[in-house]
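**Q** Kindly generate the corresponding structure for this input.
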Amino acid sequence: MEENNKVTNVDMQGNVQNDMNQNNIAKNSDGRKKRRVYNYKNKKQNKNKRQEQNQAQKRVQKQDNKKSKIQNKNQNSRENINVQNDQKTQNKLKSKKSAQKQTKKPITKNKSIIDFHFKPSKLKIIALGGLDEIGKNITVFEYENEMILVDCGIEFPDDDMLGVDLVIPDFTYVVKNIDKVKGLFITHGHEDHIGSIPYLLKQVNIPIYGTKLTMKLIEHKLEEHKLLNKADLHVVEQGNVIDAGKMQVEFIRSSHSIPDSCMLAIHTPAGVVIHTGDYKVDYTPIDGQMMDLGRLAELGNQGVLALLADSTNSERKGFTMSEKSIGPLFDRLFEGCKKRIVVATFASNVHRVQQIVNSAVKYGRKIAISGRSMINMIEAARELNYIKCPDDIFIDIDLIKNYTDDQLVIITTGSQGETMSALTRMANGEHRKVTINSNDLVIISATPIPGNEKSVSKVIDQLMKIGAEVVYSALANVHVSGHACQEEQKLIMSLVKPKYFLPVHGEYRQLMAQRDTAIELGIPKENIFLTNNGKVIEMDEDKCEFAGAVQAGRVMVDGLGVGDVGNVVLRDRQHLSSDGLIVIVMSIDQGGTVVSGPDVISRGFVYVKESENLMEDVKSFIREEMYVMEERHVTDWSSIKSTLKDDVRDFIFSRTKRNPMILPILMEV
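**A** So this is what the prediction gives:
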């Protein structure tokens with residue numbers, strides 16, 4: 001019994017102990033579970049805290065970014081444009097990545113995808129002048145309901161435009177869309193880029209933007225036309241960006257034969273378009289202001305939609321010589337020369353004038369100026385400190401008699417043989433202040449513009465007949481061009497890397513030559529556009545195409561008349577110049593009977609005193625014709641005039657093989 005009780009006690013104690021152990025195990029397991037839950041909660045709380053901290057940091061960063069954006073508003077516009085371009089490229093990369101991710105993810109059937117990205121409108125480019133011709137440069141850039149103009153030049157008349165002073169573009173499209181125009185932007189101060197501005201401002205008054213020397217020359221023009229007080233002129237610096245609504249225009253420093261020349265980078269929502277204006281790549285410019293090739297490369301790396309490039313010298317291989325290469329030649333011509341030196345060059349070529357001044361100062365000569373345009377240009381350049389020289393180097397042309405020949409240099413206009421230019425009048429002995437003689441050395445520091453070769457040759461011949469020594473481009477390198485040759489054009493294309501290419505500023509063969517250069521550099525043929533004046537080109541990142549045409553053409557200026565000389569008037573002038581005029585004057589009664597006359601007056605047809613028989617025969621023929629019409633009872637004056645014109649023309653042609661203009665004048669008695 002006792003043993004059994006002991007056993008049962010031991011068992012009971014063992015069971016109790018087991019129960020206690022099991023309870024301890026359960027407690028331990030519950031503790032571990034609680035610790036796990038607690039640790040999980042702690043981890044979750046820590047994770048939430050980290051997320052809150054990250055969000056707080058992001059909010060702080062956003063606030064800092066906003067502050068930095070506000071501070072950066074006062075930085076120059078070029079940096080803003082670069083930031084925008086960088087953001088555009090980042091957005092493009094993000095959109096590409098998101099597009100790639102979307103292609104990888106399966107699309108659920110009931111889920112619609114909405115794209116809120118609006119595609120920019122297309123940019124329109126319209127040349128109203130400057131294509132298939134030399135001069136008259138003007139281009140319209142139009143985006144949505146806004147428009148800007150680049151340059152506004154003149155063209156000199158062709159030989160067959162008798163009596164015409166100059167040719168300007170047709171501004172009809174600009175006048176019709178005046179509410180859209182935000183401004184006129186000028187690349188440089190040559191006549192073929194600024195000459196038409198007074199005629200444009202007479203029709204529409206718009207803001208004009210240009211660099212210092214360019215605006216000074218425009219002011220002179222507007223003052224002549226009494227428009228200066230009304231004009232809205234804005235002087236800009238190279239590197240400035242002008243806000244023109246949805247477009248921004250950046251002035252990029254360029255090189256040309258006139259200071260302050262610029263290329264234009266036109267920033268639009270559709271893309272960046274670069275317009276070169278006239279340019280050359282001069283690594284040693286006279287003023288030390290080299291073309292901003294770095295900025296062009298920067299824009300090229302960011303992406304350029306289109307390039308409009310000068311084509312003037314696109315047929316010439318190699319590089320254009322630097323303007324500085326002319327200086328040593330002038331020194332050689334001046335050194336030891338005992339003659340009076342007369343130098344003819346372009347009035348706008350300030351860098352050339354500076355080198356003439358340098359040689360004159362070096363060899364102790366005074367300088368007189370002849371030609372109104374040359375006087376205006378040098379005055380403007382000296383005022384802006386673009387010509388550096390002693391104050392007493394220039395003298396009035398009336399004082400040249402007070403100096404010996406070896407103490408004088410005369411700088412004059414007329415390097416293109418213009419009829420009324422100072423050099424032409426000197427060669428013809430018609431200049432009131434300067435008389436050319438055998439003790440003159442005449443330097444023509446220019447090459448003839450196509451079409452002016454005959455005029456220049458005549459002037460050279462006349463100067464040589466007088467006995468003057470003449471140095472011109474065929475004898476020495478007295479001139480370098482201000483336009484880029486093929487290798488320079490290749491450099492600009494390579495830096496800019498445009499998607500589309502438009503050759504401008506040149507005749508068709510020159511546009512074609514630059515097209516071939518672009519193809520050689522790898523620009524696809526389908527991305528090169530040879531357009532005409534008035535044709536509309538629409539472009540964006542995806543496509544470039546022709547889209548209709550607008551009114552464009554030539555408007556001829558004759559004296560104070562603008563546009564009143566058309567093709568009909570020109571034909572009459574050509575007719576008169578080649579064959580002359582015959583005027584028939586007579587009086588008739590109401591029945592068509594000749595009462596007095598006819599009188600026959602000839603101008604430019606034959607010399608009347610030596611052709612009296614012919615004149616009498618013409619009168620007899622007219623009387624016979626009038627008698628026949630009287631017999632037929634023809635009394636209508638228009639019928640009588642037209643019949644006389646035709647019959648007299650045939651009669652004169654049968655006798656002389658000439659075709660003069662016939663002008664009948666009938667008076668009723």
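**Q** I218: what's it in contact with?
**A** Going by CB atoms under 8 Å, 6 or more residues apart in numbering, I218 touches 186, 189, 194, 197, 208, 210, 231, 233. All C-beta spots, glycine's among them, are computed from the backbone N, C-alpha and C.
**Q** my read is it is in a strand, agree?
**A** No. Counting by DSSP: H, G, I helix; E, B strand; the rest coil, I218 falls outside a strand, being helix.
**Q** how close does it get to E616?
**A** As judged by CB to CB, to the nearest Å, I218 and E616 stand 60 Å apart.
**Q** hmm, back to that, list only those of the contacts of I218 flagged as buried.
**A** 186, 189, 194, 197, 208, 210, 231 (16 or more other CB atoms under 10 Å).
**Q** Would you mind measuring from the last one to M615?
**A** For A231, the distance to M615 under the criterion CB to CB works out to 57 Å.
**Q** picking up where we left off before, in JSON lines: the contacts of I218, plus pLDDT.
**A** Converted to JSON lines, those look like this (pLDDT from 0 to 100):
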{"residue": "I186", "pLDDT": "96"}
{"residue": "G189", "pLDDT": "92"}
{"residue": "I194", "pLDDT": "94"}
{"residue": "I197", "pLDDT": "95"}
{"residue": "I208", "pLDDT": "96"}
{"residue": "G210", "pLDDT": "95"}
{"residue": "A231", "pLDDT": "92"}
{"residue": "L233", "pLDDT": "95"}
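**Q** Among the residues you listed, which one sits closest to E624?
**A** I197 (58.9 Å; CB to CB).
**Q** Would you quantify the distance from the closest one to Y279?
**A** 21 Å.
**Q** can you check R509 too?
**A** Applying CB to CB, the value for R509 to Y279 is 20 Å.
**Q** where does the stretch 101-250 of the chain dip in pLDDT?
**A** Scanning the stretch 101-250 of the chain with the threshold set as pLDDT under 70 gives 101-118.
**Q** Please repeat the previous calculation with a cut-off of 50.
**A** Low-confidence segments of the stretch 101-250 of the chain, defined by pLDDT under 50: 101-116.
**Q** repeat for the chain
**A** In the chain, residues with pLDDT under 50: 1-19, 21, 23-41, 67, 69-75, 83, 92-94, 96-116.
**Q** And it, split by domain according to the record?
**A** Here the domain assignment for the chain is 123-319+482-558, 323-471, 580-668, based on automatic domain parsing.
**Q** To V569, which of these lies closest?
**A** domain 123-319+482-558 (8.5 Å).
**Q** chain center to the closest one: distance?
**A** Domain 123-319+482-558 sits 2 Å away from the centroid of its parent chain (CA atoms, centre = their mean, to the nearest Å).
**Q** Please apply the same query to stretch 383-402.
**A** Its chain's average C-alpha position is 33 Å from that of stretch 383-402, according to CA atoms, centre = their mean.
**Q** which residues of the stretch 201-350 of the chain fall in helices?
**A** Along the stretch 201-350 of the chain, the segments classed as helices by DSSP state H, counting those that start in this stretch run 212-224, 293-302, 326-334, 350-362.
**Q** of R509 and Y279, who's got more company?
**A** Neighbour comparison, R509 and Y279: the larger count goes to Y279, with 26 against 11 (by other CB atoms under 10 Å).
**Q** correct me, but that one touches C485?
**A** No. The pair Y279 / C485 is not scored as a contact, 11.3 Å apart, by CB atoms under 8 Å.
**Q** Tell me who's in contact with the residue nearest to I444 when sequence neighbours are not counted.
**A** In space, and not counting its chain neighbours, I444 is closest to Y472: 4.3 Å by CB to CB, 6 or more residues apart in numbering. Each residue near Y472 by CB under 8 Å, 6+ apart is listed here: 443-444, 456, 460, 478.
**Q** hey, where'd the strands end up in the stretch 251-400 of the chain?
**A** Ranges of strands within the stretch 251-400 of the chain are 262-268, 271-275, 304-310, 340-344, 366-370, 394-395, based on DSSP state E, counting those that start in this stretch.
**Q** Indicate which one of those strands is closest to A422.
**A** By CB to CB (comparing all of these), the closest turns out to be strand 366-370, at 4.3 Å.
**Q** list the buried ones in the closest one?
**A** For strand 366-370, the neighbour count (16+ other CB under 10 Å) marks 366-370 as buried.
**Q** Let me see the ranges of the strands in the stretch 501-650 of the chain.
**A** 535-539, 544-549, 554-558, 561-565, 581-588, 594-603.
**Q** Touching the fifth one from outside, list them.
**A** Which is strand 581-588. Against strand 581-588 from outside (CB under 8 Å, 6+ apart): 594-605, 618, 622, 626, 640, 644, 648, 652, 660-669.
**Q** Report the buried residues of it.
**A** Neighbour-count burial for strand 581-588 flags 581-582, 584, 586-588 (criterion: 16+ other CB under 10 Å).
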